[in-house]
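Colleague: Kindly generate the corresponding structure for this input.
(one chain, ligands or ions: 1)
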Amino acid sequence: MAKGGTGARAKLRAHFLANIGRVMTSEELYEASGGTSEWGRRVRELRNEEGYQILTHNDRSELKPGEYLLETPKPQPAFARAISKETRAYVLDRNGFTCQMCGAVAGEPHPYDPTRKTRLHLGHIIDKSLGGTDDAANLRAICSVCNEGASNATLTRPDLQKLLIQVRRATSQDQLEVLKWLIKKFPKQATEYVNPQI
Ligand SMILES: [Zn+2]
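Modeller: Here you go, the predicted model:
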């Protein structure tokens, strides 16, 4: 049963990829699936699980109900299916392009593994399985090392007292850099602290 389903999905995938840019009807897709009544579900899987941008009348007004169109063979990466480019850019900027777990900065050598350039991903603050959403408020920048769960065990966070001592001893210029970074990271709190009456 499951094997037949996978087979139909593979047939449909091949058919879509061989017909990029051509509008296809549900009858054609039914045939292409090998005549399974589950063809519609398989098409949804290609869209939702594999990320193929299969368009219907819900996406394009030129398409009639029962018409399907795949314009590009390139599936969207998993995160892009739910989270827009704008949200991603906004969250990364809000987090100062810094991993919110270990403090690694995008593009710089990773503090735990200096041979690796830090790459940032978006992570959910409240996991989706626990009802967390894809809204910017529930997203944060996480580096690939933390994303793989590696740095939790290897990097300890500095304790507050030591951190404050470091900041107090730093040059005014560096302190101002810290301030700028904190304001960027906590814009709402920054406003509240500066204008407590608001
Ligand atoms: Zn990290």
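Colleague: Next secondary structure element downstream of the helix or strand K162 falls within?
Modeller: Using DSSP states H and E, K162 sits within helix 160-169. The helix or strand immediately downstream of helix 160-169 is helix 172-185, counting by DSSP H and E.
Colleague: how much does that following helix deviate in direction from helix 160-169?
Modeller: Going by axes from the mean of the first three to the mean of the last three CA atoms, to 10 degrees, helix 172-185 is angled at 130 degrees with respect to helix 160-169.
Colleague: And helix 172-185, what does it pack against?
Modeller: With contacts taken as 3 or more CB pairs under 8 Å, 6 or more residues apart in numbering; DSSP states H and E, helix 172-185 sits against helix 85-94. All C-beta spots, glycine's among them, are computed from the backbone N, C-alpha and C.
Colleague: need the next SSE after the helix it packs on, C-terminal direction.
Modeller: strand 120-124.
Colleague: quick one on the thing from earlier: contacts for the helix holding K162 next, please.
Modeller: With contact meaning CB atoms under 8 Å, 6 or more residues apart in numbering, helix 160-169 is reached by 158, 175, 178.
Colleague: burial measure for the closest residue to the last one other than its chain neighbours, as a count.
Modeller: Excluding the flanking residues, the one nearest V178 by CB to CB, 6 or more residues apart in numbering is V167, at 5.9 Å. The burial metric for V167, expressed as a neighbour count using other CB atoms under 10 Å, is 12.
Colleague: now V167: how far from the ion?
Modeller: Separation of V167 from the ion (CB to the ion, to the nearest Å): 21 Å.
Colleague: how close does K85 sit to the ion?
Modeller: Separation of K85 from the ion (CB to the ion): 22 Å.
Colleague: now swap in V145 and tell me
Modeller: From V145 to the ion the distance is 5 Å (CB to the ion).
Colleague: does that residue really touch P109, like I thought?
Modeller: No. Using CB atoms under 8 Å, V145 makes no contact with P109, being 11.2 Å away.
Colleague: Surely Q53 is in contact with T72?
Modeller: Yes. At 6.2 Å, Q53 counts as touching T72 under the criterion of CB under 8 Å.
Colleague: Identify the residues contacting the closest residue to T98 other than its chain neighbours.
Modeller: Nearest residue to T98, sequence neighbours excluded (CB to CB, 6+ apart): V105, at 5.3 Å. By CB under 8 Å, 6+ apart, the residues touching V105 are 96-99, 118.
Colleague: Between those residues, which sits nearest the ion?
Modeller: C99 (3.2 Å; CB to the ion).
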